[in-house]
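[1] sequence first, then the predicted structure:
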Amino acid sequence: MNKFRSRGEKAFDVFNILLLAAAAAITLFPFWYIAAVSLSPIEQVMRGGLILWPESLTLESYKLILTNAHFTRALWITVALTAVGTLTNLVLTALMAYPLSKKRLKGRSALLFLVLFTMLFSGGMIPSYLVMKWLNLLNSFWSVIIPSGISAFNLIILKNFFQGIPEELEESGKMDGCTNTGVLFRIVLPLSMPAMATFTLFYAVGHWNQFFTSILYVTNSKLWPIQVVLRQMIIQGSTEEFQAAIANETTEIMPTTIKMAAIIVATVPILFVYPFLQKHFAKGVLLGSVKG
C-alpha cells in the first residue's frame, strides 16, 4: 500500500466512504423505523410524527402476532414451502444443468434453445392456471413449487459453471467405479458449493417472498404463506382472525404497531439464511480438488 498518497486520492476515499455510508443509512432507515414503531407504546404512536426510538419498549404487538394461530400457521407454511421448494429447485436445476454441460449430449442444442425460449416467452397466466387446474394442484402445496421448479437463468449459469470443472476429475471418478450420478453428487456438486450456495439463497428468498403464485392458485386462507397474510394486513387493513384477536385483547393495541411487528417477523427469518451461506461465496471453485 502506497503511504504517499495525493490529496485528491484521499479526498476521493473520503467521498466514497461518505457516499456508501449515506446509501447504507437510506437502506437501513425503513427497517429501523418499522422496528421502532413495532416496539413503541400506543401513546407514542398515536401522537404521530417520526419515531426513531421507542419511549418505552413493549412487546405486546409481537405477543399478539406470535400467539395468533392464523399468523403462526402461515409462518410455518412459509418455512416448509421455502425448505421443500429450495431443495426441489436445487435438485432439478443440478440434474438438468449437468447433462447440458456435456457437449456430447445428443439434442443438446435443441434443449438449450427450449430453455432460452422460456426466458423470453411464457404460456401466460390463464393457460398456467388451467394447467394447474387440469393437474388437480389448485389449493395444494405443490401448486406453488412446481411452476418455479427450474429457473432458466440459474440453469444456464450452473451449466456454464459445470463446464469449467476439468473433465479429468470426472474421468478419475469413473475409473474408481462411479456412475454418472455418482460423479455428479460426489465430485461435481462438492466442487460447486459456491454456485450452489448462491442459488440456494436466490431460490430461498424467492420462495419466502412470493405471494402472487399463492394468490393465483391458493384460495383457501388456511394454506396461505406469510407474505399473503402480510399483504392482507397491510393493504386490506387486517384479516378477520386478527380483527377478532384484537377485539378479545384487554389492552388496546394500535393496528399500526401490529402491522409493523408482522413485517419484522416476516422479514427477520430469511435474513439469517445469508450468514450460513456467505462463507461459500468466496471459496475457489476447485479448492482442494487437485491436491494429493
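    Arrived safely. Numbering: from 1, shown residues only.
[2] leaving out chain neighbours, which residue sits closest to Glu170?
    The shortest distance from Glu170 to any non-neighbouring residue, by CB to CB, 6 or more residues apart in numbering, is to Val183 (5.0 Å). Where C-beta positions appear, they are placed from N, C-alpha and C, glycine not excepted.
[3] so the one you found is in which element?
    helix 180-183 (DSSP states H and E).
[4] what's that helix packed up against?
    Applying 3 or more CB pairs under 8 Å, 6 or more residues apart in numbering; DSSP states H and E, we find helix 180-183 packed against helix 167-175.
[5] export the helix it packs on to PDB, keeping only CA atoms.
    Presented in PDB, the C-alpha positions along helix 167-175 are these (Å, rounded to 0.1, in the frame of the first residue of the first chain):
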ATOM      1  CA  GLU A 167     -13.000 -33.400 -17.300                       C
ATOM      2  CA  GLU A 168     -10.000 -35.300 -15.800                       C
ATOM      3  CA  LEU A 169     -11.700 -35.200 -12.300                       C
ATOM      4  CA  GLU A 170     -14.800 -36.800 -13.700                       C
ATOM      5  CA  GLU A 171     -12.800 -39.400 -15.600                       C
ATOM      6  CA  SER A 172     -10.900 -40.300 -12.500                       C
ATOM      7  CA  GLY A 173     -14.200 -40.800 -10.600                       C
ATOM      8  CA  LYS A 174     -15.400 -43.100 -13.300                       C
ATOM      9  CA  MET A 175     -12.200 -45.100 -13.200                       C
END
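[6] on that earlier part again, which residues does the helix holding Val183 contact?
    Identification of contacts with helix 180-183 by CB atoms under 8 Å, 6 or more residues apart in numbering yields Glu170, Gly173, Lys174.
[7] closest one to Gly8 out of those residues, please.
    Distances from Gly8 to the contacts of helix 180-183, taken as CB to CB, are shortest for Glu170 (51.9 Å).
[8] I'd say the closest one and Leu191 touch.
    No. With contact defined as CB atoms under 8 Å, Glu170 does not reach Leu191; the gap is 10.2 Å.
[9] who's more crowded, the two?
    Comparing Glu170 with Leu191 by neighbour count (other CB atoms under 10 Å), the higher total belongs to Leu191, at 22 against 18.
[10] for that one, grab phi and psi.
    phi -80, psi -10 (degrees, to the nearest 10).
[11] the helix or strand hosting Val265 - contacts with which helices or strands?
    In this structure, Val265 sits in helix 255-271 according to DSSP H and E. Secondary-structure packing of helix 255-271 (3+ CB pairs under 8 Å, 6+ apart): helix 7-38, helix 42-46, helix 60-66, helix 69-100, helix 193-209, helix 226-235, helix 240-248.
[12] which other residues reach it?
    31, 34-35, 37-38, 40, 42, 45, 60-62, 64-66, 71, 75, 78-79, 82, 204-205, 208-209, 226-227, 229-230, 233-234, 237-238, 242, 246.
[13] do stretch 67-81 as well
    65-66, 141, 144-145, 207-208, 221-229, 239, 241-242, 245, 262, 265-266, 269.
[14] just to revisit the earlier point, what's the least confident stretch among the helices and strands packed on helix 255-271?
    Note on the helices and strands packed on helix 255-271: helix 240-248 shows the lowest mean pLDDT, a mean of 54.
[15] cool, thanks, signing off.
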